[in-house]
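A.B. asks: Predicted coordinates and the sequence they were generated for:
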Amino acid sequence: MRTRTASRTRSRTVAIIVAVWLLIGLAAAAQRSYFSGSDATCAKIGTTLVTVVAGPLNYIGANPKIDCTAPQPSK
């Protein structure tokens, strides 16, 4: 029974840490105005997602950028 309680506590702790990590990443993306504007390009969406996943690393110098191009339709 004690092992089950410790496992639940550990799982909750990890979940809280991940949630806080992602919230910090969302704050960094919002401060960089990645959510403003209506142009949803591959590069903008990719950069926003990488910034959110990078979380607190944004505040110690990480500035992730994604450069991608979508395939053009054939003629």
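C.D. replies: That came through, no problem.

A.B. asks: And the nearest residue to Tyr59 once chain neighbours are set aside, its phi and psi?
C.D. replies: Distances taken as Cβ to Cβ, 6 or more residues apart in numbering place Ala28 nearest to Tyr59, at 6.8 Å, with adjacent residues excluded. No exception for glycine: its C-beta is placed from N, CA and C like everyone else's. Backbone geometry at Ala28, expressed as degrees, to the nearest 10, gives phi -60, psi -40.

A.B. asks: any idea how far Ala28 is from Gly61?
C.D. replies: Taking Cβ to Cβ, to the nearest Å as the criterion, Ala28 is separated from Gly61 by 12 Å.

A.B. asks: since we're on Ala15, how many residues are nearby?
C.D. replies: Counted by other Cβ atoms under 10 Å, the residues lying close to Ala15 total 10.

A.B. asks: Nearest spatial neighbour of Thr47, chain-adjacent residues omitted?
C.D. replies: Distances taken as Cβ to Cβ, 6+ apart place Ile66 nearest to Thr47, at 4.8 Å, with adjacent residues excluded.

A.B. asks: contacting residues around that neighbour?
C.D. replies: 42-43, 46-47, 49-50 (Cβ atoms under 8 Å, 6 or more residues apart in numbering).

A.B. asks: can you redo those as CSV with secondary structure?
C.D. replies: Written out in CSV, the entries for the contacts of Ile66 read as follows (DSSP: H, G, I helix; E, B strand; the rest coil):
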residue, secondary structure
Cys42, helix
Ala43, helix
Gly46, helix
Thr47, helix
Leu49, helix
Val50, helix
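
A.B. asks: Just the buried subset of the residues you listed, please.
C.D. replies: Listed as buried from those are 47, 50; burial here means 16 or more other Cβ atoms under 10 Å.
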